[in-house]
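J.: mind folding the following:
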Amino acid sequence: MHEYSIVAALIDRVEAEARARNASVVKRVHVCIGELAGVEVELLTTAFETFRATTVCAEADLTVRRSAARWSCPRCARVLEAGARLTCPDCSAPARLTAGDEILLERIEMEVPDV
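T.: You can find the predicted model right below:
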C-alpha cells in the first residue's frame, strides 16, 4: 500500500511548511487526488489518521478533492469527451492525459503567531 508512503511524504512536507512559519498547530490539510493516480482515498485517509498522531498534524483533518481524468489532443488541443476513443477525431493524433493523475498538496490551514 503506497498510500502510507504518500502520507509520510505529505506529513513531512506539511511539517516543513509549518516549521517555516512557526505554526503551533495544523488544523486542516487539503489535497487533490486524480482518479488515475492509483490512490485509494479511503486508505489514504486511514493512513493519515494513523500517522498524524505524533506530528504537528495531530489535530488536523484531511480534506480530499478528487480530480477527473481529462484527455486532449497534443496537436490541435481538442478536449476529448469522457469515455471517447483516445484518438483525436479531427486530426487522428493520439490523445494525451492532461489531468487526473496528480497528487497535490493544495492548502494547509495552520495557526501561526501574530506578526
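J.: make it CA atoms for all contacts and neighbour counts henceforth
T.: Will do.
J.: please enumerate the strands of this structure.
T.: Taking DSSP state E as the test, the strands found in the chain are 25-34, 61-67, 70-72, 96-99, 103-111.
J.: Pro89 is nearest to which of these?
T.: Pro89 sits nearest to strand 70-72 of all the strands of the chain, at 10.7 Å, using CA to CA.
J.: now that closest one: how far from the chain's centre is it?
T.: 18 Å (CA atoms, centre = their mean, to the nearest Å).
J.: all further residue positions should be reported with the first residue as 478.
T.: From this message on, residue numbering opens at 478, which makes the last subject strand 547-549.
J.: I'd like the mean pLDDT over that strand, please.
T.: In this model, strand 547-549 has a mean pLDDT of 94.
J.: low-confidence ranges in this protein?
T.: Along the chain, segments meeting pLDDT under 70 span 478, 592.
J.: now with 80?
T.: The chain contains residues with pLDDT under 80 at 478, 591-592.
J.: run through the helices of it in chain order.
T.: Under the criterion DSSP state H, the chain contains helices at 480-497, 518-528.
J.: as JSON lines, the strands of the chain with mean neighbour count and distance to Tyr481 would be great.
T.: JSON lines is the format used below for those (neighbours: other CA atoms under 10 Å; distance: least, CA to CA, whole Å):
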{"stretch": "strand 502-511", "mean neighbour count": "18", "distance to Tyr481": "15"}
{"stretch": "strand 538-544", "mean neighbour count": "16", "distance to Tyr481": "14"}
{"stretch": "strand 547-549", "mean neighbour count": "21", "distance to Tyr481": "27"}
{"stretch": "strand 573-576", "mean neighbour count": "16", "distance to Tyr481": "23"}
{"stretch": "strand 580-588", "mean neighbour count": "16", "distance to Tyr481": "14"}
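J.: nearest to Thr523, out of those?
T.: Per CA to CA, nearest to Thr523 of the strands of the chain: strand 538-544, 10.0 Å.
J.: that closest one: partners in the sheet, and parallel or antiparallel?
T.: Within its sheet, strand 538-544 is paired with strand 502-511 (parallel), according to DSSP bridges.
J.: need the residues that contact the partner strand.
T.: 495, 516, 518, 533-546, 576-589 (CA atoms under 8 Å, 6 or more residues apart in numbering).
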